[in-house]
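[1] what's the 3D shape of this:
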Amino acid sequence: VVEGASFIDDLGADSLDTVELVMAFEEEFGVEIPDDAADSILTVGDAVKFIEKAQA
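    Numbers count the residues shown, from 1 in each chain. This next block holds a predicted model:
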């Protein structure tokens, strides 16, 4: 898995998988991801950047 990997195109996630991923990120990292932000988390790198910013 690389930072530029798309959850949908490269890793085979569907829309339900992406919702579950966002929920898992929230639980694992103790952050809240609003729906509008969740819609913009398309790659592994997007997730890392959002979580790092939310925890700062």
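[2] Please give the element, helix or strand, for V48.
    Assigned by DSSP states H and E, V48 belongs to helix 44-55.
[3] Output stretch 2-17 in CSV, but only the C-alpha positions, please.
    The C-alpha trace of stretch 2-17 is given here as CSV (Å, rounded to 0.1, in the frame of the first residue of the first chain):
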residue,chain,number,x,y,z
VAL,A,2,1.4,3.4,-1.0
GLU,A,3,0.3,6.9,-0.1
GLY,A,4,-1.2,7.5,-3.5
ALA,A,5,-3.3,4.3,-3.5
SER,A,6,-7.0,4.9,-4.1
PHE,A,7,-9.3,3.0,-1.7
ILE,A,8,-11.7,2.4,-4.6
ASP,A,9,-9.6,2.1,-7.7
ASP,A,10,-6.4,0.5,-6.4
LEU,A,11,-7.6,-1.3,-3.2
GLY,A,12,-11.0,-2.5,-4.5
ALA,A,13,-13.1,-0.9,-1.8
ASP,A,14,-16.8,-0.1,-2.6
SER,A,15,-18.9,2.7,-1.1
LEU,A,16,-19.8,0.6,1.9
ASP,A,17,-16.2,-0.2,2.5
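[4] how near is G12 to S40?
    Distance, G12 to S40, by Cβ to Cβ, to the nearest Å: 20 Å. The way it works is simple: take the backbone N, C-alpha and C, and place the C-beta from them, glycine included.
[5] average pLDDT across stretch 38-56?
    Regarding stretch 38-56, the rounded mean pLDDT is 97.
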